[in-house]
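**Q** Predicted model and sequence follow; I will ask about them next.
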Amino acid sequence: MFEFRDLFQWDRFITPGIIKTFYWLVIALIVLFGISGILSGLAAMAISPFGGFLVVLSSIAGIVVGIIFSRIAAEFVLIVFRINEHLGAIRDQGEKR
């Protein structure tokens, strides 16, 4: 993954190595908040069945949308770093000539 000394050197980026950890933390938070919303929707069904049902459906939709958007954001960050690596390789090829 990365070493402690990489934190003090600027030759190598550490973000690509830790972005997967942050992604899984975000997924866990999305699922926890989604389960909380589902449980509150089920509790709200005692007062208003239709309103509680809408809360349950919106919580499930929120989980799905949250997972999709967090994956897109993580991939975007990784793509930016990959573009940087490719541009560096192109620059190095140009300097060899």
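**A** Looks like it came in fine. Numbers count the residues shown, from 1 in each chain.
**Q** How far off centre is the longest helix along the chain?
**A** Using DSSP state H, we find that the single longest helix of the chain is helix 49-96. The chain centre lies 6 Å from the centre of helix 49-96; the measure is CA atoms, centre = their mean, to the nearest Å.
**Q** Stretch 35-45 now?
**A** From the chain centre to the centre of stretch 35-45 is a distance of 25 Å (CA atoms, centre = their mean).
**Q** Go through it and flag the buried ones.
**A** 37, 38, 41, 44 (16 or more other CB atoms under 10 Å). C-beta: built from backbone N, CA, C; applies to glycine.
**Q** Nearest residue to residue 56 in space, please, no chain neighbours.
**A** Among residues not flanking residue 56 along the chain, residue 41 sits closest, at 3.7 Å (CB to CB, 6 or more residues apart in numbering).
**Q** contacting residues around the one you found?
**A** Residue 41 is in contact with 52, 53, 54, 55, 56, 57, 58, 59, counting by CB atoms under 8 Å, 6 or more residues apart in numbering.
**Q** with the buried residues of stretch 35-45 in mind, which one is nearest to residue 77?
**A** Relative to residue 77, the closest of these is residue 37; by CB to CB it sits at 27.0 Å.
**Q** The closest one touches residue 52, doesn't it?
**A** No - when contacts are counted by CB atoms under 8 Å, residue 37 is not listed as touching residue 52 (10.9 Å).
**Q** Count the residues that sit near residue 54.
**A** 13 (other CB atoms under 10 Å).
**Q** how much space between it and residue 44?
**A** Residue 54 is 9 Å from residue 44, where distance means CB to CB, to the nearest Å.
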